[in-house]
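Student: Predicted model and sequence below, questions to follow.
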Amino acid sequence: MTGYWLSRGFYYYDKMRTRFLFFNRIRQYNKNRSNRRVEFEKLRLPFLRVRYQPKYRYCNYSCSYCIAGHNNKGILKREWNPDRYDAIIQGIYQLPYKIDLRLGLGGEIFTSEHIMRSVISMTEKEKTHCVNLISNLSLRKDRLTEFLERCDCSKLAMVTSYHPEQVERLEDYLENVRLLKNYDVPVTVVMVALPSAFKEIERMSEVCKGEAIHFFLQPMIGKYNKKRYPKAYTGEERKFLERYFYSEHDYEYMVEMKKPGLCFAGVDFIHIDNIGRCFQCCVSSKYIGNILRGKIRLDEFPAFCPLRRCQCDTQNINLVDFRLKYEHFTLNQHIYIARDRTGDVVKQ
Ligand code: SF4
Ligand code: SF4
């Protein structure tokens, strides 16, 4: 009889213990979840970052390494549809958020009066947090001045790409960069890190340092001179790149192809293609709606990146890893400092 009660006692003890452990795990899980929620809330942007690629594929340059296809000048121009461009911009401004728009045209913005006019009007909108542009800055100084005069420059940021094989007079290019600075537009100079351009990179980096202009590198991505980059960079070349890259983050993700982790793409960042389809980002196939139909579905929390690498500098700033370590201090998406330092420009 005693044995019977003992075994019943153990039975109930074990049952209670299992139940206790089970609920304890749920409590712990909820606690971690709410801690994470608080962490993520702190890192979340107070605006929606939109990357819109309207496929305006026309450029006045024809760089040999162009990944937008302009080494065969102009052939892709037919994809451009100004009416659809306007409708998509209108759709973006109907979303219930402040907007940080990055126009990634796949061509040169200052060859299109239509896009220039739309940028001017976007900078005047209350809902605009910022318009981030990229240009080869080849337009005449008087035309750039006219454009800047018509913009609200406090909502404009610009990445200017320097292409030594196309630029006739470096001084003209630099004059335009200085002009942007004079209008208080946060500006960065970018170069493609071709091994044959390393001397030019050193020179431009020095010039930028002397004039307090932010300078960063884009690795060559794709096939060039029968080699596939960035894998084809040699050990020596990688050492050079490490020295000149803007940050450890850029170098790790863009050259060493570090595997991405948790990412805010689809939470406070979306990518819109030329026909209005919205995705988590330009490489993810996660569809989140169509801007021309008015509805998009954003996630509440960052999720693990479904891809093996993220080599796009306008997108990998959405990684939790980036936001934990760095902080933007201007409207330019490529100007930031490490969180543990203040005031100084990042150079690790
Ligand atoms: S300026 Fe840019 S878009 Fe134009 S050809 Fe050169 S790399 Fe391509
Ligand atoms: S890490 Fe890059 S590729 Fe991955 S989801 Fe984020 S933006 Fe997209």
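Tutor: Received, thanks. Note that the structure is a prediction, hence the values are computed from the model and not measured. Ligands and ions are numbered 1, 2, ... in the order given.
Student: hmm, the lengthiest helix in the chain touching ligand 2?
Tutor: Criterion DSSP state H: the longest helix present in the chain is helix 2-43. No: Helix 2-43 lies apart from ligand 2 when judged by Cβ under 6 Å from any ligand atom; the minimum separation is 13.6 Å. No exception for glycine: its C-beta is placed from N, CA and C like everyone else's.
Student: could you give me the average pLDDT of that helix?
Tutor: Helix 2-43 carries an average pLDDT of 74.
Student: try stretch 146-161
Tutor: Mean predicted confidence for stretch 146-161 is 98.
Student: Nearest spatial neighbour of the residue of the stretch 101-250 of the chain found nearest ligand 1, chain-adjacent residues omitted?
Tutor: Ligand 1 sits closest to residue 136 of the stretch 101-250 of the chain, with a gap of 4.0 Å, by Cβ to the nearest ligand atom. Spatially, and ignoring its direct neighbours in sequence, residue 136 is nearest to residue 161 (5.2 Å; Cβ to Cβ, 6 or more residues apart in numbering).
Student: And residue 317, by the same measure?
Tutor: residue 333 (6.2 Å).
Student: all helices of the protein, in order?
Tutor: 2-43, 82-94, 113-123, 141-150, 170-182, 198-210, 235-244, 248-250, 320-325.
Student: What are the buried residues along the fourth one?
Tutor: The neighbour-count check on helix 141-150 (16 or more other Cβ atoms under 10 Å) flags 144, 147-148 as buried.
Student: Residue 315 reaches residue 282, doesn't it?
Tutor: Yes: the pair formed by residue 315 and residue 282 meets the contact definition of Cβ atoms under 8 Å, at 6.6 Å.
Student: These two - which one has more neighbours?
Tutor: More neighbours surround residue 315 than the other of residue 315 and residue 282, with 26 against 15 (other Cβ atoms under 10 Å).
Student: OK, contacts around the more buried one?
Tutor: Applying Cβ atoms under 8 Å, 6 or more residues apart in numbering to residue 315 gives the contacts 51, 265, 269, 271, 281-283.
Student: mind putting the helices of the chain in JSON lines, distance to residue 256 included?
Tutor: Output for these, formatted as JSON lines (distance: least, Cβ to Cβ, whole Å):
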{"stretch": "helix 2-43", "distance to residue 256": "24"}
{"stretch": "helix 82-94", "distance to residue 256": "34"}
{"stretch": "helix 113-123", "distance to residue 256": "35"}
{"stretch": "helix 141-150", "distance to residue 256": "36"}
{"stretch": "helix 170-182", "distance to residue 256": "29"}
{"stretch": "helix 198-210", "distance to residue 256": "18"}
{"stretch": "helix 235-244", "distance to residue 256": "8"}
{"stretch": "helix 248-250", "distance to residue 256": "10"}
{"stretch": "helix 320-325", "distance to residue 256": "14"}
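Student: what's the closest of these to residue 301?
Tutor: helix 2-43 (5.5 Å; Cβ to Cβ).
Student: Kindly reformat the contacts of residue 315 as a markdown table containing pLDDT and distance to ligand 2.
Tutor: Listed next are the contacts of residue 315 as a markdown table, based on pLDDT from 0 to 100; distance: Cβ to the nearest ligand atom, whole Å:
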| residue | pLDDT | distance to ligand 2 |
| --- | --- | --- |
| 51 | 97 | 9 |
| 265 | 98 | 4 |
| 269 | 98 | 7 |
| 271 | 98 | 8 |
| 281 | 97 | 3 |
| 282 | 94 | 7 |
| 283 | 93 | 5 |
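Student: Let me know the pLDDT of the spatially most central residue of the chain.
Tutor: By Cα atoms, centre = their mean, the chain has its centre lying nearest to residue 314, at 1.2 Å. pLDDT, residue 314: 94.
Student: Surely it and residue 51 touch.
Tutor: Yes: in this structure, residue 314 is within contact of residue 51 by Cβ under 8 Å, at 5.9 Å.
Student: Now render the buried residues of helix 141-150 as JSON lines, adding distance to ligand 2.
Tutor: JSON lines is the format used below for those (distance: Cβ to the nearest ligand atom, whole Å):
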{"residue": "144", "distance to ligand 2": "31"}
{"residue": "147", "distance to ligand 2": "30"}
{"residue": "148", "distance to ligand 2": "31"}
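Student: Can you add distance to residue 65 and give those residues back as a markdown table?
Tutor: What follows is those, written out as a markdown table (distance: Cβ to Cβ, whole Å):
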| residue | distance to residue 65 |
| --- | --- |
| 144 | 25 |
| 147 | 27 |
| 148 | 29 |
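Student: sorry, back to before: contacts only, for the residue nearest to residue 136.
Tutor: Residue 161 neighbours (Cβ under 8 Å, 6+ apart): 134-137, 189-192.
Student: now swap in residue 47 and tell me
Tutor: Counted by Cβ under 8 Å, 6+ apart, residue 47 has contacts 97-100, 129, 268.
Student: Which of these sits closest to ligand 1?
Tutor: Among the contacts of residue 47, and counting by Cβ to the nearest ligand atom, the member closest to ligand 1 is residue 100, at 22.2 Å.
Student: For the chain, name the helix or strand with the lowest mean pLDDT.
Tutor: helix 2-43 (a mean of 74; mean pLDDT, DSSP states H and E).
Student: Find residues that contact each of residue 314 and residue 51.
Tutor: Common neighbours of residue 314 and residue 51 (Cβ under 8 Å, 6+ apart) are 102, 104.
Student: any idea how far residue 243 lies from residue 237?
Tutor: 11 Å (Cβ to Cβ, to the nearest Å).
Student: Also residue 288?
Tutor: Distance from residue 288 to residue 237, by Cβ to Cβ: 38 Å.
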